[in-house]
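Engineer: Okay, sequence plus prediction incoming.
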There are 2 protein chains.
Amino acid sequence: MKFLLLIAHGSRRQSANEEILRLAERVSGLAENDFDGVETAFLELAQPDIHEGIARCAERGAQHIVVVPYFLAAGAHVNQDIPAEVDRARAEFEQVSIDISTYLGANEMMARLVLDCSRQAS
Amino acid sequence: MKFLLLIAHGSRRQSANEEILRLAERVSGLAENDFDGVETAFLELAQPDIHEGIARCAERGAQHIVVVPYFLAAGAHVNQDIPAEVDRARAEFEQVSIDISTYLGANEMMARLVLDCSRQAS
């Protein structure tokens, strides 16, 4: 069983966190051939946190988790905080293999996405 | 003459700002049929700011500018700060029409981009 765990920064505004949940639902709809489930976690300011997100995947039977950092830039959150949380979870969930993907902003499709946004101007 | 102005938050880390400049170059390479030029501006913490970014487009002959907010969530930056800065620029550059596109996180391609990231896991 393979799960995708989408990790966002988290916000004090619940509406921003709900945007992430809706995005995860859309990812889930697209990911049926790649993943058995999609979960969401937040680095700070919202729940579930990363540990809880990984625990939820494990409870659902995940043997393999791909963590996708939903961040635009390679700052301390991407380079240090998320890997540190994932390392802690690896020590606790030894039976689960956990990989971290490239962060969102590094994706080669990003330029096309920016251009697509520009076509939705008002 | 139509320009795309990519607006990012801006960071104290120069490397994060440079990521945006490189992204804008890739957008420019893809946008030849849509735009005569691509410029970048930062809401805070980095230069050029939004006013300066719009001024640069105007100096290069822009009659129309599409502002693309490079933000993941619809918070105060997207809903208030960027529109306010753009309104100030509209008053100054009356000959230029300026539209604001949907922000990055609202783009329908985002779920596909997240899934694509997941395939680049290590």
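Structural biologist: Received the coordinates, thanks. Numbers count the residues shown, from 1 in each chain, chains lettered A, B, ... in the order given.

Engineer: per-residue confidence for A:Ala111?
Structural biologist: As predicted, A:Ala111 sits at a pLDDT of 97.

Engineer: surely A:Val96 meets A:Gly61?
Structural biologist: No - using CB atoms under 8 Å, A:Val96 is not in contact with A:Gly61, being 9.8 Å away. For glycine as for every other residue, the C-beta is placed from the backbone atoms N, C-alpha and C.

Engineer: Looking at these two, which has the bigger crowd around it?
Structural biologist: Per other CB atoms under 10 Å in any protein chain shown, whichever of A:Val96 and A:Gly61 has more neighbours is A:Val96, with 19 against 12.

Engineer: gap between that one and chain B?
Structural biologist: 14 Å (CB to the nearest CB, to the nearest Å).

Engineer: Any part of the helix ranked longest in chain A near chain B?
Structural biologist: Longest helix in chain A, counting residues (DSSP state H): helix A:14-30. Yes - residues of helix A:14-30 are located near chain B by CB under 8 Å from any CB of the partner chain, namely A:Ser15, A:Ala16, A:Glu19, A:Leu23, A:Arg26, A:Val27, A:Gly29, A:Leu30.

Engineer: Narrow those residues to just the buried residues.
Structural biologist: Using 16 or more other CB atoms under 10 Å in any protein chain shown as the burial test, the residues of helix A:14-30 next to chain B include A:Ala16, A:Glu19, A:Leu23, A:Arg26, A:Val27 as buried.

Engineer: would JSON lines of those residues with distance to A:Asp34 and pLDDT be doable?
Structural biologist: Formatted as JSON lines, these follow (distance: CB to CB, whole Å; pLDDT from 0 to 100):
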{"residue": "A:Ala16", "distance to A:Asp34": "26", "pLDDT": "92"}
{"residue": "A:Glu19", "distance to A:Asp34": "22", "pLDDT": "95"}
{"residue": "A:Leu23", "distance to A:Asp34": "16", "pLDDT": "97"}
{"residue": "A:Arg26", "distance to A:Asp34": "14", "pLDDT": "97"}
{"residue": "A:Val27", "distance to A:Asp34": "10", "pLDDT": "98"}
